[in-house]
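Trainee: Give me coordinates for this.
(one chain, ligands or ions: 2)
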Amino acid sequence: MTASVLELSGIHRVYRTAAGELNVLDGADLKLEAGELVGLVGPSGSGKSTLLHTAGLLEQPEAGTVLLDGVDCLKLDDKGRTALRRTKIGFVYQFHHLLPEFNAADNIAMPLMIAGVKKAEARAKADELLEVMGLAERGHHQPGQMSGGEQQRVAIARALANTPRLVIADEPTGNLDPTTTERVFATFIRMAREEGAAVLVATHNHALTAHMDRVITLKDGKIVPYVGE
Ligand code: ADP
Ligand code: MG
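Mentor: Ligands and ions are numbered 1, 2, ... in the order given. Okay, here's the model as predicted:
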C-alpha cells in the first residue's frame, strides 16, 4: 500500500502565554490521501492555523509525527524540511504575502525558479496559471496595482506552480467576492481530481464545504469529523 500524502499523529502544540499554557493541539491526528479534498472548519482561535502551519512544515509541534509521502519530516533538519516544503507543499496564506516589487508573473514563477526550473519554462507555467486564474492580462502588474481578489488569485497560482502533492489553504477566500471564490475553489477541486493532490482548506464558507469529500473540525485540540452546528 502506498503511504498517505499527509499523516499527522499525536500532534501536541503548546503556546506559553502570560496567562499560562494553552494546549492548542492536544493529540491531533489526521490522514489525507491523494486526490482528497478536505475542509477544516471551526471558530476563530480553535487552532486551525496552528494545525495548517504544522502540516505545512512552517511550525514544529512539541510532540507528534508529521509524515509527508511517508517521510518523517520532524526528523529532518531545517534544510531538508525547506526542500520538502518547496517541492511538495503549496501553502495559500490567509493574507497573500506576495512580493510587492515583483509583477504577478514573476511572483508565480519564483518558486519554480528556486526549485531549479529554467526561467523560460517557469515563465511559461506562470502564464498558463495566470490564464487559468482569469488573470491573463495581469502578468505585468505588481501586487499594488491589483485588487485584493486578484492578488489572492496570484498567491494561489504561486502556491500551485510546483504542482504540489499537498495543497494547504488558510481561509483563502475569506475576503473574496462570490465569483472569485468559486473560481478559486474550482482550482482546488481540479488540483485534487486531476493532479491527485491532497487538498486541505480552512474555511468558514459552508457553500464550499458542501462540495468537499470530508469536513473536519478541532475539538479540545483533537481533530474530529464536523457534523454541523
Ligand atoms: P484559528 O486559526 O482557528 O483562529 P490559531 O491556530 O490561529 O486559531 O490560534 C489558536 C489559539 O492559539 C488562539 O487562542 C491563539 O490566540 C493562540 N495562539 C496562536 N499563535 C500564538 C502564539 N504565537 N503565541 C501564543 N498564542 C498563540
Ligand atoms: Mg487562523
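Trainee: In terms of helix, strand or coil, where does Glu131 fall?
Mentor: Applying DSSP: H, G, I helix; E, B strand; the rest coil to Glu131 yields a three-state assignment of helix.
Trainee: Ligand 1 versus that one, what's the distance?
Mentor: According to Cβ to the nearest ligand atom, to the nearest Å, Glu131 and ligand 1 sit 32 Å apart. Quick note: C-beta positions are derived from backbone N, CA and C, even for glycine.
Trainee: give me the number of residues near that residue?
Mentor: Glu131 has 13 neighbouring residues, counting by other Cβ atoms under 10 Å.
Trainee: That one: what's it in contact with?
Mentor: By Cβ atoms under 8 Å, 6 or more residues apart in numbering, the contact list for Glu131 is empty.
Trainee: Model confidence score at it, please.
Mentor: pLDDT recorded at Glu131 is 91.
Trainee: tell me, what residue is most central in the protein?
Mentor: Ile168 (1.8 Å; Cα atoms, centre = their mean).
Trainee: which stretches of the chain have low pLDDT?
Mentor: 1, 229 (pLDDT under 70).
Trainee: Can you classify the closest residue to ligand 2 within it as helix, strand or coil?
Mentor: Of all residues in the chain, Ser49 sits closest to ligand 2, at 3.2 Å by Cβ to the ion. Assigned by three-state DSSP, the conformation of Ser49 is helix.
Trainee: Next, count neighbours for it.
Mentor: By other Cβ under 10 Å, 19 other residues sit near Ser49.
Trainee: Let me see the contact set for the closest residue to it other than its chain neighbours.
Mentor: With sequence-adjacent residues excluded and distances taken as Cβ to Cβ, 6 or more residues apart in numbering, Ser49 is closest to Asp170, at 5.6 Å. Shown in contact with Asp170 (Cβ under 8 Å, 6+ apart): Lys48, Ser49, Leu52, Phe91, Val92, Tyr93, Gln94, Ala202.
Trainee: Cool, thanks, talk later.
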